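>>> Predicted model and sequence below, questions to follow.
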Amino acid sequence: MTFHTSELTPGGAYTIWWVVFNHPEFCSAPGCGAKDLGNASVQASRAHAAGHVIGDSGDGNFGAWLGVNDPEGFLDGPWGLTNPRGAEIHLVARFHGQALTGQLLIAQLGTFNGGCNPGDPYPASTCANKQFSQHFPK
């Protein structure tokens with residue numbers, strides 16, 4: 001995949017996440033979303049795709065590859081991508097705050113809640129999904 005976007009926060013740490021719904025026909029109405037991540041019939045999974053610090057332009061250019069039948073690194077379920085022709089795939093751009101340094105930056109660019117407000121007992125409260133792209137089966 002390639003994910004080209006704009007209007008991101010300059011100096012911000014962003015990640016792109018795969019969200020794979022292998023059986024979207026079992027998603028709840030009005031369509032596949034976060035509510036379906038725990039539904040075993042949907043076989044939904046999330047995985048890290050890419051991460052970057054955004055330059056002064058606010059543009060982001062990300063690229064990644066996802067293998068079939070490789071559940072390694074997926075956060076939800078044991079599935080990964082098992083139904084490439086029938087799956088609904090969402091790409092999500094997630095903001096992790098202003099870029100930090102060292103190990104905190106590595107966490108920001110490589111984990112779901114990494115680096116968000118260090119020391120905050122609820123780091124997920126400062127991370128936010130900012131943009132997404134949906135790709136439906138043909």
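Okay, I see it.

>>> Could I get the full set of helices for this protein?
Here the chain has its helices, by DSSP state H, at 102-110.

>>> which regions of it sit below the pLDDT cut-off?
117-125 (pLDDT under 70).

>>> quick one: the strands in the chain?
Applying DSSP state E to the chain gives strands spanning 2-5, 12-21, 44-53, 60-63, 88-98, 128-135.

>>> which residues are in contact with the first one?
For strand 2-5, contacts defined as CB atoms under 8 Å, 6 or more residues apart in numbering pick out 16, 49, 50, 59, 60, 61, 62, 63, 91, 93, 131, 133. The C-beta positions use only the backbone N, C-alpha and C, and glycine is treated the same way.

>>> Setting aside sequence neighbours, what's the nearest residue to the residue nearest the centre of the chain?
What sits nearest the mean C-alpha location of the chain, by CA atoms, centre = their mean, is residue 17, with 1.7 Å. Nearest residue to residue 17 in three dimensions, chain neighbours excluded: residue 92, at 4.5 Å (CB to CB, 6 or more residues apart in numbering).

>>> Any idea how many residues pack against residue 70?
The number of residues packed near residue 70 is 12, by other CB atoms under 10 Å.

>>> so what's residue 69 up against?
Contacts for residue 69 were tallied using CB under 8 Å, 6+ apart; they are 80, 81, 82.

>>> right, I mislabeled it, should have said residue 46
Residue 46 touches 17, 18, 19, 20, 37, 74, 75, 76, 112, counting by CB under 8 Å, 6+ apart.

>>> Whichever of those end up buried, select them in PyMOL.
Typed into PyMOL, the line below selects the buried ones among these, using 16 or more other CB atoms under 10 Å:
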select buried, resi 17+18+19+20+37+74+76+112
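
>>> Would you mind measuring from the residue nearest to the centre of the chain to residue 129?
8 Å (CB to CB, to the nearest Å).

>>> Need the overlap of contacts for these two.
With CB under 8 Å, 6+ apart as the test, residue 17 and residue 129 both reach 92, 94.
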